[in-house]
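Peer 1: The sequence isn't on hand, but the structure is:
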């Protein structure tokens, strides 16, 4: 890691808690739909709509809100009441206003790395959501560059490396998703460290064979970065 | 205009048609709500929800879809049926898939300017929507830089000028909105040209006194740029 000059962090479930908020909201959605029908299939049905809508909506809470409404409409055979539709919209508005909970060890680690490395955020999702979360997290001042992209793949990483005039040989990416944070960076010749998060969205899971042939480090705690990068 | 090296274009209603799509969708929404109640106040009610939701949703079609649903729910005292909620979601999905209609004269103008100026897009709104519209417009190859921002004000313009290493004295912004494209650029010392579009969202209208003291040019046709920039 001696030659690294720029360290980029994923945001959702790397810097702060994200996926549990979606999980909690799904549980609240079940309570809305439960009076109409059995809810066993809700998680699968919701994932089906999220996946179908991804090419139209992209990632983010507003698309999730619309997918929740469509799921609840279809599951109830369109008998869902207007009041219940409003309740679902209100669930999403709660998500959008939810306090940003910075993960343990993040502030300590950023404090130790700042000044010695250029720190960067690379996150995918809704531009507006992500900007407000960065602002609300209180972490913005650690980062000299913020890139919000609509998808994380080798092409988008290569473009942002070029756009920012960075050297891929001196670039390290840190994130909780093998699929979005680790594999695409390794594929274009960068270094990446995987820090798993306990609650990873099914869409982000990667079969281990997809990681074959790609070398990356895995850390259990972000604070392990401090001695490692302390050269 | 002799010292200009970078020309940036706004996208919606500058490069391609946008606002009429919202207007057409409002008319289709009126047809959904009409069986329940008088619809005279729909436009005002919808604008009220859009405005209330702006700080949570930002700009873009997904937020507009959610505001349409909330408006229709409130106007019908939550009697709106599940089928009608789905119809509103489908209106929004139609918008997201609507062909991108490039405005008259744009291709001719970009063709004349390319190579002699660095061309750029600076647009606000939903990251995912805007990226797909740029791709679908067939205009992407004219532009070496694309900036999608969540708000256009003097601060965001200054940040993107710095981030891209541009010289504000050599920068020209072209757009249909005085509020978003012209005034904030002039305020940080750049040049701007206003090309009005016939259908401007009420949120984008600026009282004339706000334009006081700021100098900018107004053109009736984007093609007028060609002789002007042909030095």
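Peer 2: Great, that's in hand. Since this is a predicted model, take the numbers as computed values, not measurements.
Peer 1: OK, contacts around residue A:191?
Peer 2: Contacts for residue A:191 (CB atoms under 8 Å, 6 or more residues apart in numbering or on different chains) come out as A:1, A:4, A:171-173, A:185, A:216. All C-beta spots, glycine's among them, are computed from the backbone N, C-alpha and C.
Peer 1: CSV for those residues, including pLDDT?
Peer 2: Formatted as CSV, the contacts of residue A:191 follow (pLDDT from 0 to 100):
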residue, pLDDT
A:1, 70
A:4, 96
A:171, 97
A:172, 97
A:173, 97
A:185, 96
A:216, 86
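Peer 1: Could you export these as TSV, including distance to residue B:86 and secondary structure?
Peer 2: Below are the contacts of residue A:191 laid out as TSV (distance: CB to CB, whole Å; DSSP: H, G, I helix; E, B strand; the rest coil):
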residue	distance to residue B:86	secondary structure
A:1	52	coil
A:4	51	coil
A:171	45	strand
A:172	46	strand
A:173	40	strand
A:185	40	helix
A:216	43	coil
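Peer 1: what's the closest of those residues to chain B?
Peer 2: Closest approach to chain B among the contacts of residue A:191 (CB to the nearest CB): residue A:171, at 17.9 Å.
Peer 1: quick one: which of the contacts of residue A:191 has the most company?
Peer 2: Neighbour count (other CB atoms under 10 Å in any protein chain shown) singles out residue A:185 as the most crowded of the contacts of residue A:191, with 28 neighbours.
Peer 1: What's the separation between that one and residue A:216?
Peer 2: Note on residue A:185: its distance to residue A:216, by CB to CB, to the nearest Å, is 8 Å.
Peer 1: likewise residue A:111?
Peer 2: 25 Å.
Peer 1: Tell me which helix or strand in chain A has the weakest average pLDDT.
Peer 2: The weakest-scoring helix or strand in chain A, judged by mean pLDDT, DSSP states H and E, is strand A:217-218 (a mean of 87).
Peer 1: ranges for the strands of chain A?
Peer 2: Secondary structure of chain A, counting by DSSP state E: strands at A:6-9, A:118-124, A:145-149, A:171-175, A:191-194, A:217-218.
Peer 1: And the first one, what's buried?
Peer 2: Of all the residues in strand A:6-9, those buried under the rule 16 or more other CB atoms under 10 Å in any protein chain shown are A:6-9.
Peer 1: Kindly present these as CSV, with separate columns for distance to chain B.
Peer 2: Listed next are the buried residues of strand A:6-9 as CSV, based on distance: CB to the nearest CB, whole Å:
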residue, distance to chain B
A:6, 15
A:7, 19
A:8, 16
A:9, 19
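Peer 1: In a markdown table: those, plus pLDDT.
Peer 2: Shown next, in a markdown table, are these (pLDDT from 0 to 100):
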| residue | pLDDT |
| --- | --- |
| A:6 | 97 |
| A:7 | 98 |
| A:8 | 98 |
| A:9 | 98 |
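Peer 1: Mind picking the two most distant members of those?
Peer 2: A:6 and A:9 (10.8 Å; CB to CB).
Peer 1: give the contact list for the residue of chain A positioned farthest from its centre.
Peer 2: Most distant residue from the mean C-alpha position of chain A: residue A:79, 33.5 Å away (CA atoms, centre = their mean). Residue A:79 makes contacts with A:36, B:82, as judged by CB under 8 Å, 6+ apart.
Peer 1: what's it sitting at in phi/psi?
Peer 2: Dihedral pair for residue A:79: phi -90, psi -10, per degrees, to the nearest 10.
Peer 1: do you know how far it is from residue B:139?
Peer 2: Distance of residue A:79 to residue B:139, given as CB to CB: 45 Å.
Peer 1: thinking again about what came up before, what's the overlap in contacts for residue A:185 and residue A:216?
Peer 2: Jointly contacting residue A:185 and residue A:216 under the rule CB under 8 Å, 6+ apart are A:191-192.
Peer 1: Spell out which residues of chain A are next to chain B.
Peer 2: Within reach of chain B by CB under 8 Å from any CB of the partner chain, chain A has these residues: A:56-60, A:62-63, A:65-66, A:69-70, A:73, A:76, A:78-83, A:85-86, A:89, A:92-93, A:96-97, A:126-129, A:131, A:148-150.
Peer 1: burial of the closest residue to residue A:28 other than its chain neighbours, as a residue count?
Peer 2: Spatial nearest neighbour of residue A:28, excluding adjacent residues (CB to CB, 6 or more residues apart in numbering or on different chains): residue A:91 at 5.4 Å. By other CB under 10 Å, the residues close to residue A:91 number 20.
Peer 1: if I look at residue A:91, how far off is chain B?
Peer 2: Residue A:91 sits 12 Å away from chain B, going by CB to the nearest CB, to the nearest Å.
Peer 1: Next: residue A:142.
Peer 2: Noted for residue A:142: a distance of 17 Å to chain B, by CB to the nearest CB.
Peer 1: One more: residue A:186?
Peer 2: Applying CB to the nearest CB, one obtains 25 Å for the distance of residue A:186 from chain B.
Peer 1: Report the contact partners of the residue nearest to that residue when sequence neighbours are not counted.
Peer 2: The shortest distance from residue A:186 to any non-neighbouring residue, by CB to CB, 6+ apart, is to residue A:214 (4.4 Å). By CB under 8 Å, 6+ apart, the residues touching residue A:214 are A:182-183, A:186-187.
Peer 1: Pull out the buried members of those.
Peer 2: Neighbour-count burial (16+ other CB under 10 Å) applied to the contacts of residue A:214 gives A:182-183, A:186.
Peer 1: Just the pLDDT for the residue nearest to residue A:30 when sequence neighbours are not counted.
Peer 2: Once flanking residues are discounted, residue A:30 sits nearest to residue A:39: 4.8 Å by CB to CB, 6+ apart. Here, the pLDDT recorded for residue A:39 equals 88.
Peer 1: so residue A:109 makes contact with residue A:223?
Peer 2: Yes - assessed by CB atoms under 8 Å, residue A:109 is found in contact with residue A:223 at 5.6 Å.
Peer 1: Are there residues contacting both of the two? Which ones?
Peer 2: Shared contacts of residue A:109 and residue A:223 (CB under 8 Å, 6+ apart): none.
Peer 1: which one of the two has more residues nearby?
Peer 2: Taking other CB under 10 Å, residue A:109 and residue A:223 do not tie; residue A:109 has more neighbours (24 against 15).
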